[in-house]
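> what's the 3D shape of this:
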Amino acid sequence: MLTKKEQRLRRARQTRVRIAQQGVARLTVNRTNLHIYASLISGDGGKVLVSASTAEAEVRKSLGASGKGGNAAAAQLVGKRIAEKAKAAGVEKVAFDRAGFAYHGRVKALADAAREAGLQF
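Down below sits the predicted model:
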């Protein structure tokens, strides 16, 4: 019997294999109860190009007094930020890696915000 985390990681592994074959940068998402993190990882060397998260001081300020990073509004902010940073780094096309998380709620909010801000995936 697999634990919940092991199941998620098993789902994530297959996606990563498929993305690696494409050879494009991947936008990977990780969510915890308190925060959501997004990283842009290069397709060839596997280096982190840019990252954004609700744990960053600037993002926490813009979230207001509560500083809640565990909601869809915070995820939208991170999505927009990662797209802006990616464009600054010269990356337009990415593959979305949801890391085994359901494409729903915060993960979907982040992806939609990144698309609106101009990332293609």
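> which stretches of this structure form helices?
Taking DSSP state H, the helices of the chain run over residues 4-22, 57-62, 72-88, 106-116.
> ok, the closest residue to Gly79 other than its chain neighbours to Gly46 distance?
Using C-beta to C-beta, 6 or more residues apart in numbering and skipping residues adjacent in sequence, the residue nearest Gly79 is Ala113, 3.0 Å away. To be clear about C-beta, it is placed using only N, CA and C from the backbone, and glycine gets the same treatment. To Gly46, Ala113 is 25 Å away according to C-beta to C-beta, to the nearest Å.
> Does the helix or strand bottoming out on mean pLDDT in the chain pack against any helices or strands, and if so which?
When the helices and strands of the chain are scored by mean pLDDT, DSSP states H and E, helix 57-62 comes last with a mean of 91. Secondary-structure packing of helix 57-62 (3 or more C-beta pairs under 8 Å, 6 or more residues apart in numbering; DSSP states H and E): helix 72-88.
> Give the buried residues for the helix it packs on.
Judged by neighbour count using 16 or more other C-beta atoms under 10 Å, the buried positions of helix 72-88 are 72, 74-86.
> The residues you listed into TSV, with extra columns for pLDDT and distance to His104?
Formatted as TSV, the buried residues of helix 72-88 follow (pLDDT from 0 to 100; distance: C-beta to C-beta, whole Å):
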residue	pLDDT	distance to His104
Ala72	93	10
Ala74	95	16
Ala75	96	11
Gln76	96	14
Leu77	95	18
Val78	96	16
Gly79	97	15
Lys80	97	19
Arg81	97	21
Ile82	97	19
Ala83	97	20
Glu84	97	24
Lys85	97	25
Ala86	96	23
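> ok, the closest residue to Lys87 other than its chain neighbours - contacts?
The spatially closest residue to Lys87, leaving aside those adjacent along the chain, is Gly118, at 6.1 Å (C-beta to C-beta, 6+ apart). Listed by C-beta atoms under 8 Å, 6 or more residues apart in numbering, the contact set of Gly118 reads 83, 87, 92.
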